[in-house]
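> Sharing a sequence plus its predicted fold:
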Amino acid sequence: MKNKTISSMVCLSIILCLLLISEEGTCFAFDKGLHKWSKKEIETLKSLWIGSLPPLPKDPANRYADDSKAAALGKKLFFDVLLSGDGRVSCSTCHQPEYYFTDPLPRSHGVGITTRRSMPLAGAAYYSFFFWDGRADSLWAQALGPPESEKEHGISRTYCAHHIEENYKNDYEEVFGTLPEFPSHSCPAHAKPDTGNLEAYKAWLSIPYDKRKEITTVYVNMGKAIAAFVRLIVPGPSRFDNYVEALIKGDNETMADILGDDEVSGLKLFIGKAKCINCHNGPLFTNSEFHNIGVPAHMDLPFDPGRSEGIRKLISSEFNCLTKHSDGNASSDCDDLLFLDTDTGKYYGAFKTPTLRNVTDRPPYMHAGQFKTVREVLEFYRSVSPGGDVRSDLEHSDLTDIEIVQIETFLQTLSGPIVYAK
């Protein structure tokens, strides 16, 4: 039945094309009605347009966020494989520029295998919370998680201080001022405040208190430099954006050249019947919120509590906005943390809504790569039954096979280059 329906559509398209053959023998299969948009729809499309993305927001928690020298140092650190326990892992291992600053693995591989896949970094400067569970509230705090993770970089903040002292002293001092000295005999490279690693923790406690503070300051500055680089990574315009720009100008001919009928039909479904826009909105196609949509756990892993655990980690974080390491004003710059929704039960099993920009070019999908293709994701949404913590507006059982294909076809129009903000 499905094949007969598709065959009928193909035949109908051919007949329509033949009826529309011009005197020159060219087929004009442009459905003018399909490309017409209501005033409300146009406003919605403009809200999704890359041209609606505002300038990079300020980061009051990082006074070096817009320092070009800090960004230059951060770029070097981002690609430095020596900032790892095995000398082969850098930030770019899991955030590959050629893969839209993520990687193609279901679960990212550092010095070990993590429990989640990497998130794309393009546009991260616009977010309030980071990681799939939102356990960091700034880009620089996010950058400080992987180095001391046993499964990611597998090093310590003391190692980082030594590495910067040996390889980036001049670059560091141009931005942050005089770099303290870290003698190896009194500052063992494996030392870190990790109570889960008793050897590393004992080594950390053996370091004089004032020297531990200096090590942590250098470590924090490293994160702020990396953040200054990462915040510059933003998505460039896609075919969808070019289409909206033509729509704004009233250029129907260019609109028809940019998107085909199935792509436009998919777009209409995206902002209408399929309700995708409920979570994937704004020029980055994400509401940056956390939802439990009933994604099954990875077959090799226990159930992941997601945001509920992330809330606890954020509140107790050594590097959140309210700590001494933040450059922000606690009373005026930390509203996201001060007014944080701490209902952990509400967010059990919830994960951050990822951007859909370049989505069809960077499989797999979901927090542990549970789905290999976009089609699998769309089929999942069609099959999900609301209940418990799963929102009722995620139910899409009335979507037809053709409509699923059209939505997937539209999503391909969101692919565009990665650019660097100025």
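That came through fine.
> Do I have it right that residue 171 meets residue 74?
No. In this structure residue 171 lies outside contact range of residue 74 using C-beta atoms under 8 Å: 9.8 Å. All C-beta atoms are positioned from the backbone trio N, CA, C, and that covers glycine.
> any low-confidence regions in this protein?
Confidence mapping of the chain against pLDDT under 70 gives the ranges 1-32, 385-395.
> for the residue nearest the centre of it, helix, strand, or coil?
Centroid check for the chain by C-alpha atoms, centre = their mean gives residue 120 as the closest residue, at 3.8 Å. Here residue 120 is recorded as coil under DSSP: H, G, I helix; E, B strand; the rest coil.
> any idea how far residue 167 is from residue 37?
According to C-beta to C-beta, to the nearest Å, residue 167 stands 55 Å off from residue 37.
> Between the two, tell me which one has more neighbours.
residue 37 (18 against 15; other C-beta atoms under 10 Å).
> So that one sits against residue 45, correct?
Yes. Using C-beta under 8 Å, residue 37 is in contact with residue 45, at 6.8 Å.
> Of residue 171 and residue 74, which one has the most company?
The neighbour comparison of residue 171 against residue 74 (other C-beta under 10 Å) goes to residue 74, with 28 against 19.
> quick one on the thing from earlier: and for the residue nearest to the centre of the chain, nearest residue in space, chain neighbours not counted?
Spatial nearest neighbour of residue 120, excluding adjacent residues (C-beta to C-beta, 6 or more residues apart in numbering): residue 102 at 4.4 Å.
> Can you report phi and psi for residue 109?
Dihedral pair for residue 109: phi -110, psi 120, per degrees, to the nearest 10.
> Tell me what it is bridged to.
Per DSSP bridges, the residues bridged to residue 109 are residue 113.
> oh, and call the first residue 540 from now on, that's how I've got it
Got it, the first residue is 540 from now on, which makes the last one we talked about residue 648.
> Distance of it relative to residue 776?
Taking C-beta to C-beta, one finds residue 648 at 32 Å from residue 776.
> same check, this time on residue 658
Taking C-beta to C-beta, one finds residue 658 at 22 Å from residue 776.
> Specify which residue of the two has the higher count of neighbours.
The residue with more neighbours, out of residue 658 and residue 776, is residue 658; 21 against 15, by other C-beta under 10 Å.
> Go ahead and confirm the more buried one touches residue 893.
Yes. If you go by C-beta under 8 Å, residue 658 and residue 893 touch, sitting 6.2 Å apart.
> got the domain boundaries for the protein?
As assigned by automatic domain parsing, the chain contains the domains 540-569, 576-594+776-845+888-959, 607-770.
> hmm, back to that, which residues are in contact with both of residue 576 and residue 584?
The contact sets of residue 576 and residue 584 overlap at residue 786 (C-beta atoms under 8 Å, 6 or more residues apart in numbering).
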